[in-house]
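1. Predicted coordinates and the sequence they were generated for:
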Amino acid sequence: MGHDRWCGDVRPLVWAKRGRRGLCCHPYDLCTESIARAAGVTVTDARGRPVDAPLDVDTDVAWIGYANSSIRAQVEPVLQQLLREHGL
């Protein structure tokens, strides 16, 4: 419905910290990232860099999507601080 301002999946960071794997996004789950980008959405990896994952069915992918650059500027610094505080 277009109500999300930002969303993401950091489960791969949590599972990696625990030394095991769990239910996570994979590269094919982000197949519409280029469409979102064309619509003005910013999609990054969990560290704020462009998503760069191999095109396979096994790699766990952490990502964050922001509706626009203004929301990213508001949310990303706080989110990155929280990830650091939790050792992720």
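-> Done, it's in. Numbering: from 1, shown residues only.
2. Would you mind measuring from the closest residue to Val57 other than its chain neighbours to Ala53?
-> Distance criterion C-beta to C-beta, 6 or more residues apart in numbering; nearest residue to Val57, sequence neighbours excluded, is His26 at 6.0 Å. Where you see a C-beta, it was placed from the backbone N, CA and C, and this is true even at glycine. To Ala53, His26 is 8 Å away according to C-beta to C-beta, to the nearest Å.
3. any residues in contact with both of the two?
-> Thr59, Val61 (C-beta atoms under 8 Å, 6 or more residues apart in numbering).
4. Any idea which helix or strand in the protein has the lowest mean pLDDT?
-> helix 11-18 (a mean of 86; mean pLDDT, DSSP states H and E).
5. With just CA atoms, put it into PDB.
-> The C-alpha trace of helix 11-18 is given here as PDB (Å, rounded to 0.1, in the frame of the first residue of the first chain):
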ATOM      1  CA  ARG A  11      19.000 -11.400  10.000                       C
ATOM      2  CA  PRO A  12      22.200 -12.500   8.200                       C
ATOM      3  CA  LEU A  13      24.200 -10.300  10.600                       C
ATOM      4  CA  VAL A  14      22.500 -11.800  13.600                       C
ATOM      5  CA  TRP A  15      23.000 -15.400  12.400                       C
ATOM      6  CA  ALA A  16      26.600 -14.800  11.500                       C
ATOM      7  CA  LYS A  17      27.300 -13.400  15.000                       C
ATOM      8  CA  ARG A  18      25.800 -16.600  16.400                       C
END
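6. buried stuff in that helix?
-> Arg11, Pro12, Leu13, Trp15 (16 or more other C-beta atoms under 10 Å).
7. Quick check, pLDDT for the residue nearest to the spatial centre of the chain.
-> For the chain, the residue nearest the mean C-alpha position is Trp63 (1.2 Å; C-alpha atoms, centre = their mean). You'll see Trp63 listed with a pLDDT of 95.
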